[in-house]
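Student: here is a sequence together with a model predicted from it:
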Amino acid sequence: VSLPPAYFDRLYGRDRDPWKFRTRWYEQRKRDLTLAALPQPHYGSCFEPGCSIGVLTSALARRCDQVLAMDVSTSALDEAKAGLPQGVRLLRGSVPTDWPEGTFDLVVLSEVGYYLDPPDCARLAELAVTSADDLLAVHWRHAVADYPMTGDAVHALVATAAEANGLTRITSHVEADLRLEVWSRDGRSVAERTGLLGS
Ligand SMILES: C[S@@+](CC[C@H](N)C(=O)[O-])C[C@H]1O[C@@H](n2cnc3c(N)ncnc32)[C@H](O)[C@@H]1O
């Protein structure tokens, strides 16, 4: 089964930044990789489910006009509220159930898919690929005892959903610790998009 909100509230009850997003080099580097992998310099709208205390959210806001950020944990959202830049809207909710209406120029699934069980994660993947023009997913690859899925299994579900819905994988970056991939409705490479390949 997918991990319940109480699991995350307990984590935030013990530590306001349980993953040390604000201080860990691993997290800072991963955030930089995430931002560098985005194929567009700027986006209109972005959705980030599982936004935690809003550190990646703030960075995304510098590349997007509007960021909708959702988390199951009210403690995380309370911590996120302070210091968020303009253009960010926080919502309490649980994906896939509370996936918002509408479409997004960018959807970012960063360290959220493996908290779901496979059917919920497949639904999450389906919602993400049908509502995003660009979809970035980045997940920890090592197994964690409490988590229903691994990062690689999450990405396999996203890849299947993306392929079935006409999105192309334009970036794949795999390390021992993390997998970061981008799927896009526009199958062209960044060089092609920006005229570097000539005509
Ligand atoms: C590891 S943090 C990821 C934060 C941010 N996306 C990043 O990568 O920097 C995971 C967050 O996902 C939230 N979360 C877990 N399951 C969720 C679900 N089903 N719907 C929405 N948020 C969820 C947790 O409360 C936690 O704050």
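Tutor: Yep, it's here.
Student: now Trp25: how far from Ala36?
Tutor: Trp25 sits 16 Å away from Ala36 when distances are taken as Cβ to Cβ, to the nearest Å. Heads up, the C-betas are built off the backbone N, CA and C, glycines and all.
Student: ok and the residue in the protein nearest the ligand?
Tutor: Here the chain gets closest to the ligand at one residue, Gly50, 2.8 Å apart by Cβ to the nearest ligand atom.
Student: quick check: closest non-adjacent residue to that residue.
Tutor: Val112 (3.2 Å; Cβ to Cβ, 6 or more residues apart in numbering).
Student: residue contacts, that neighbour?
Tutor: Pro49, Gly50, Val95, Leu124 (Cβ atoms under 8 Å, 6 or more residues apart in numbering).
Student: and the helix or strand containing Ser172, which strands flank it?
Tutor: Under the criterion of DSSP states H and E, Ser172 resides in strand 168-174. Looking at strand 168-174 with DSSP bridges, its partner strands are strand 178-184 (antiparallel).
Student: buried ones in the partner strand?
Tutor: For strand 178-184, burial by neighbour count (16 or more other Cβ atoms under 10 Å) applies to Leu178, Arg179, Leu180, Glu181, Val182, Trp183, Ser184.
Student: can you classify the residue most central in space within the chain as helix, strand or coil?
Tutor: The chain has Leu109 as the residue nearest its centroid, 2.0 Å off, counting by Cα atoms, centre = their mean. Under DSSP: H, G, I helix; E, B strand; the rest coil, the three-state class of Leu109 is strand.
Student: need the contact list for the residue of the chain closest to the ligand.
Tutor: Gly50 neighbours (Cβ under 8 Å, 6+ apart): Met70, Asp71, Val72, Val95, Leu109, Ser110, Glu111, Val112, Tyr115.
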